[in-house]
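Participant: Sequence and predicted structure below; questions after.
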Amino acid sequence: MEERIAINGLTFVPYITRDRIQAEVERVAAEIKRDLEGRDPVFLCVLNGAFIFAADLFRELGINESKINFVRYSSYSGTSSLGQVKEIMGLTEDLAGKDVVIIEDIVDTGLTATKMVADLRKRNPRSVRFATLLHKPVSSTTGFQPDYVAFTIPPKFIIGYGLDLDGKARNLKDIYIVESESGSAENKDKEMLNLVLFGAPGCGKGTQSAKLIDEYGLHHISTGEVLRAQIAQGTELGKTAEAYISKGQLIPDELMISILDAELDKLMADGAEGVIFDGFPRTIPQAEALEGLLEKRGTKLHAVIGLDVPEEELIVRLINRGKETGRADDNLETIKNRLDVYHNQTSPLKDHYKKQGKYLPIKGTGVVDEIFNDIAQGIEHHTGHKRRTRK
Ligand code: IMP
Ligand code: MG
């Protein structure tokens, strides 16, 4: 692999090796095969960028009956005034009743993908699925979510393995990323970084939040802390909340959402660089509401960090915390109830965020600093945001 590649005044550095590409192509092929074997699928490779990914993926599928077509999504040639009107060129196959899989190199804003899927649906296929080598969810303006993604990447320019800059570099066997100018300049003009810390009670959300606040200059919203403060002050809200919390139940969605809205207003007035949501959302309606709350403030949720800890360890940790801090809901009966609530109402959020390509699973057992290193690496890989110090 070359160390650095210069093209048109930009420098690119190695990003994804051919071995990792191969491994993820195999995974995507297995997922497609699981979903479509025995269904006689038709693959559409979108030229030019996807030609190498499509070739590798198609061989890896090992479905002898499947067909592949090569299409181009482009403007009518020679109609510069109609430059915006794009259509699928080169598609000769009748797609009626067929299961179609589009193979793309990269989904950036998602505009091309959204239009292609809509155009293909007009040909009455039985299904349309979308497989992409690379997905930049942070660049999305459409919310388009591919069905199969080999790599989720930050919003930076990529070359190699079929992807080009000005027609160059498609031949490279590995994937390269444009080099950022300098670490500090890079974070300066960045948009906010908004994260959800997700996991069962006792998984370490509070501990890791403290480190995230330090290393990324983020503000922290712990809905649990907000509620406990209200309870301590004996406010109306506190009394309502206490009735639910003491039984280990969740606070109703509308109430939680309005609390969060008010907390966000306070933070935005402070000029926050970003927010960590700890303990929110806990249900799918709350997750949907959160997107809306961030959108109306001109930002979005970037990643969801899921801390995985086995249940036996959670119970031990919570009982110990109850002894040390006297937190009222850290007793065995309430703990069991809280874990049940987590499994039934909160853990479905994992799939919700996986589908959006935002879920970062992290092993939540072991040394606190090592867990944090995994989190920091995940954030950098997903969003391009770097921590302030490197240990
Ligand atoms: P979009 O999803 O409609 O914004 O368009 C995706 C198209 O933009 C791809 O098919 C590529 O042609 C181009 N593109 C976006 N990001 C990159 C990149 O990082 N490297 C090379 N081409 C890119
Ligand atoms: Mg393309």
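Facilitator: Cool, got the structure. Ligands and ions are numbered 1, 2, ... in the order given.

Participant: just how off-centre is stretch 41-53 within its chain?
Facilitator: Relative to its parent chain, stretch 41-53 has a centroid offset of 24 Å by C-alpha atoms, centre = their mean, to the nearest Å.

Participant: Now do the end-to-end distance for that stretch.
Facilitator: 17 Å (C-alpha to C-alpha, to the nearest Å).

Participant: Are that stretch and ligand 2 in contact anywhere?
Facilitator: Yes - using C-beta under 5 Å from the ion, stretch 41-53 reaches ligand 2 at Gly49. Backbone N, C-alpha and C define where each C-beta goes, glycine included.

Participant: what sits up against that stretch?
Facilitator: 25, 32, 54, 58, 63, 66-73, 90-91, 93, 95, 98-106, 116, 120, 125, 133, 150, 161-164, 170 (C-beta atoms under 8 Å, 6 or more residues apart in numbering).

Participant: can you rerun that using 7 Å?
Facilitator: 54, 58, 66-73, 93, 95, 98-106, 133, 161-164 (C-beta atoms under 7 Å, 6 or more residues apart in numbering).

Participant: Only the buried subset of those residues, as a PyMOL command please.
Facilitator: Of these, the buried ones go into a single PyMOL selection, burial set by 16 or more other C-beta atoms under 10 Å:
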select buried, resi 54+58+66+68+70+71+73+95+98+99+100+101+102+103+104+105+106+133+161+162+163+164
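
Participant: show me which of the contacts of stretch 41-53 neighbour ligand 2.
Facilitator: Okay, of the contacts of stretch 41-53 touching ligand 2 (C-beta under 5 Å from the ion), that's Asp105.

Participant: Sitting in strands, which of the contacts of stretch 41-53 do you find?
Facilitator: In this view, the contacts of stretch 41-53 that belong to strands under DSSP state E are 67-73, 99-106, 133.

Participant: beta partners of whichever residue of the stretch 151-300 of the chain sits closest to ligand 1?
Facilitator: Distance from ligand 1 to each residue of the stretch 151-300 of the chain (C-beta to the nearest ligand atom) is smallest for Ile158, at 3.7 Å. Going by DSSP bridges, Ile158 is paired in beta bridges with Ile177.

Participant: quick one: pLDDT of it?
Facilitator: Confidence at Ile158, expressed as pLDDT, is 94.

Participant: what sits against it?
Facilitator: Tyr15, Ile106, Leu134, Ile175, Ile177.

Participant: thinking again about what came up before, for ligand 1, tell me which of the ones in strands among the contacts of stretch 41-53 show up nearby.
Facilitator: Asp105, Ile106 (C-beta under 6 Å from any ligand atom).

Participant: Go through the ones in strands among the contacts of stretch 41-53 and name the one nearest ligand 1.
Facilitator: Out of these, the member with the shortest distance to ligand 1 (by C-beta to the nearest ligand atom) is Ile106, at 4.8 Å.

Participant: Give me the neighbour count for the spatially closest residue to that closest one that is not a sequence neighbour.
Facilitator: Among residues not flanking Ile106 along the chain, Leu134 sits closest, at 4.3 Å (C-beta to C-beta, 6 or more residues apart in numbering). A count of nearby residues for Leu134, using other C-beta atoms under 10 Å, gives 22.

Participant: Against Ser347, how distant is Leu134?
Facilitator: 28 Å (C-beta to C-beta, to the nearest Å).

Participant: Kindly report the same for Ser139.
Facilitator: Applying C-beta to C-beta, the value for Ser139 to Ser347 is 29 Å.

Participant: Could you do Arg18 as well?
Facilitator: 36 Å.

Participant: and what of Gly199?
Facilitator: Counting by C-beta to C-beta - Gly199 and Ser347 are separated by 9 Å.

Participant: Same check on Leu332?
Facilitator: Distance from Leu332 to Ser347, by C-beta to C-beta: 21 Å.

Participant: quick one, which of those two is more surrounded?
Facilitator: Ser347 (14 against 11).

Participant: That one and Ala29: what is the separation?
Facilitator: 28 Å.
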